[in-house]
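A.B. asks: compute the structure for the input listed below.
(one chain, ligands or ions: 1)
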Amino acid sequence: MSTARVSEGIRDACQELILDDKKIGEIMTRFLKEIQLGLKKETHAKADIKCFVTYVQDLPNGKERGKFLALDLGGTNFRVLLIHLKGDDDFEMQSKIYAIPQSIMLGSGSQLFDHIAECLANFIKEHKLQDERLPLGFTFSFPLKQLGLTKGFLIRWTKGFNCEGVVDHDVVELLEEALKRRGDVQIEICAVLNDTTGTLMSCGWKNHDCRIGVIVGTGSNACYVERVENAELYDGPDNGKSHVLINTEWGAFGDNGALDFIRTEYDREMDEFSINKGKQTVEKMISGMYMGELVRLALVRFTKAGLLFGGQGSDLLFKRYQFFTKYVSEIEGDSPGSFFNCYDVLEELGIFHATDEDCANIRYICECISSRAAHLSSAGIATLINKMNEPSVTVGVDGSVYRFHPRFHDLMMEKIRTLVHDHISFDIMLSEDGSGRGAALVAAVASRDAQ
Ligand code: GLC
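C.D. replies: As a prediction, this is how the structure comes out:
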């Protein structure tokens, strides 16, 4: 059992990463303001948090039935799924993961959609579904301006994607065209949805007071249930429904400078070298695509200042994106007084000369950066909970950071408790497979409605 402690120099330098109550209060005020700007017709164009209308208006009741296909694009992998909802909370699912090579993520839109169509066609053939015309839910986890459940125009690419010729186009139409070019599969696209919408639906299937869906994975975002009269961009039929799901796209919060007061040199450098400079400011402070790199930038700075590793790093440590986000979870997963995982990670980085004190410092840096991410997500979630002002709310959450980081759930529970109004009770739960099962549920609810 090691007694090594965090050094004063590191503790002081990490102070800027800690969000105290005053800062969180300010973040929540600014967050709410952006949400309101996003919802209003007049101010929507200049709002950072766009609050897109999803046209999903019914939550599932657990009785949905039928076979559905789903496509899931937008995380680390692309997946095709076949989901059989059997009613009464029962379902079966088969899925296949397909790689999307970087050349496609950064290539042309038609290449991307041809690739998706090809994977879908192969899946259909493998499962001998050629003769069925199955409804399909398309989970497309990027900012979409929707004009209906099956019409969504891409506003910007986020995460690692940047395919030419897709922004401002209807992605459902692009997929249909790609399928038409092949001509070998029959499907009916019933809905296009965001992964946060799927997460909310998937959680709401069993948990009838689920009102928020959150992703803390490769990217970060939330959707929530809003009253139709507040969603000024809603221009669907007057169908007597009182609520609609809003995809906030909160990842863009801070793009106008609203978070400059908490950004650090690591955030600025991260942004400078990213493929979407100046965009997705808060996403770059929260999500898994960036968390490891933020830690690496801090480690580099402290190594150069002689505060870590006796001033001596390694080639890998100085190489961008070589400190993976999973390392943060591993290092923080070490039991107190042990640095077993930490030494393993350092060896992977080619650092063999670290001491216990280095490890204590590294763990502290990881904790500061992951806690900041958890607290920023908490500020967003608490703002939405207070805004909805329901007596009891469940928040469905998914994504690799939430799933695998050892303290993320507890950090969020603890912080949100201090931020929501006293009369509101809330719970946070893992929402399993929103992008798959959630997509089937959106398609199911949509086809229930159509009937
Ligand atoms: C990015 C996308 C958003 C998605 C989130 C989580 O922020 O823009 O649509 O929900 O990542 O995958």
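
A.B. asks: show me what contacts residue 80?
C.D. replies: 69-72, 95-96, 98, 119-120, 123 (Cβ atoms under 8 Å, 6 or more residues apart in numbering). All C-beta atoms are positioned from the backbone trio N, CA, C, and that covers glycine.

A.B. asks: give me the element it is part of.
C.D. replies: strand 78-86 (DSSP states H and E).

A.B. asks: the following helix or strand past that strand relative to strand 78-86, how many degrees between them?
C.D. replies: Reading on from strand 78-86 to the C-terminus, the next helix or strand found by DSSP H and E is strand 91-98. For strand 91-98 against strand 78-86, the angle by axes from the mean of the first three to the mean of the last three Cα atoms, to 10 degrees is 170 degrees.

A.B. asks: what residues of strand 91-98 count as buried?
C.D. replies: For strand 91-98, burial by neighbour count (16 or more other Cβ atoms under 10 Å) applies to 91, 93, 98.

A.B. asks: also stretch 270-280?
C.D. replies: By neighbour count, with 16+ other Cβ under 10 Å as the criterion, the buried positions of stretch 270-280 are 270-271, 274, 276, 279-280.

A.B. asks: and for stretch 412-422?
C.D. replies: Of the residues in stretch 412-422, those buried under the neighbour-count criterion (16+ other Cβ under 10 Å) are 412, 415-416, 419-420.

A.B. asks: returning to that earlier point: now, which of the buried residues of stretch 270-280 sits nearest the ligand?
C.D. replies: residue 280 (6.4 Å; Cβ to the nearest ligand atom).

A.B. asks: A strand includes that closest one, no?
C.D. replies: No. When the secondary structure is assigned by DSSP: H, G, I helix; E, B strand; the rest coil, residue 280 falls in coil instead of a strand.

A.B. asks: tell me the spatial nearest neighbour of it, not counting adjacent residues.
C.D. replies: Once its chain neighbours are removed from consideration, residue 280 has its nearest residue in residue 251; the separation is 4.7 Å (Cβ to Cβ, 6 or more residues apart in numbering).

A.B. asks: how close does the one you found get to residue 156?
C.D. replies: In this structure, residue 251 and residue 156 are 10 Å apart, going by Cβ to Cβ, to the nearest Å.

A.B. asks: between those two, which is the more surrounded one?
C.D. replies: Neighbours were tallied for residue 251 and for residue 156 using other Cβ atoms under 10 Å; the higher tally belongs to residue 251 (26 against 17).

A.B. asks: from the buried residues of stretch 270-280, which two are the most distant?
C.D. replies: Using Cβ to Cβ, the pair of the buried residues of stretch 270-280 lying farthest apart is 270 and 279, separated by 12.1 Å.

A.B. asks: in this protein, where is pLDDT below threshold?
C.D. replies: Per-residue confidence for the chain (pLDDT under 70) gives these ranges: 448-451.

A.B. asks: buried stuff in the lengthiest helix in it?
C.D. replies: Looking only at the chain and at elements set by DSSP state H, the helix with the highest residue count is helix 356-388. In terms of neighbour count (16+ other Cβ under 10 Å), helix 356-388 has its buried residues at 356-385, 388.

A.B. asks: and the ligand, which of those reach it?
C.D. replies: Near the ligand, taking Cβ under 6 Å from any ligand atom as the test, no member of the buried residues of helix 356-388 is found.

A.B. asks: give me every residue in this protein lying close to the ligand.
C.D. replies: For the chain, the contact set with the ligand under Cβ under 6 Å from any ligand atom comprises 74, 141-143, 158-159, 194-196, 215, 217-221, 249, 251, 283.

A.B. asks: residue boundaries of the strands in this protein?
C.D. replies: Here the chain has its strands, by DSSP state E, at 52-53, 65-73, 78-86, 91-98, 134-140, 144-148, 151-154, 187-193, 210-216, 220-227, 243-247, 392-398, 425-430.

A.B. asks: and those strands as TSV, adding distance to residue 447?
C.D. replies: TSV is the format used below for the strands of the chain (distance: least, Cβ to Cβ, whole Å):
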stretch	distance to residue 447
strand 52-53	20
strand 65-73	7
strand 78-86	11
strand 91-98	16
strand 134-140	6
strand 144-148	15
strand 151-154	17
strand 187-193	6
strand 210-216	21
strand 220-227	21
strand 243-247	17
strand 392-398	22
strand 425-430	27
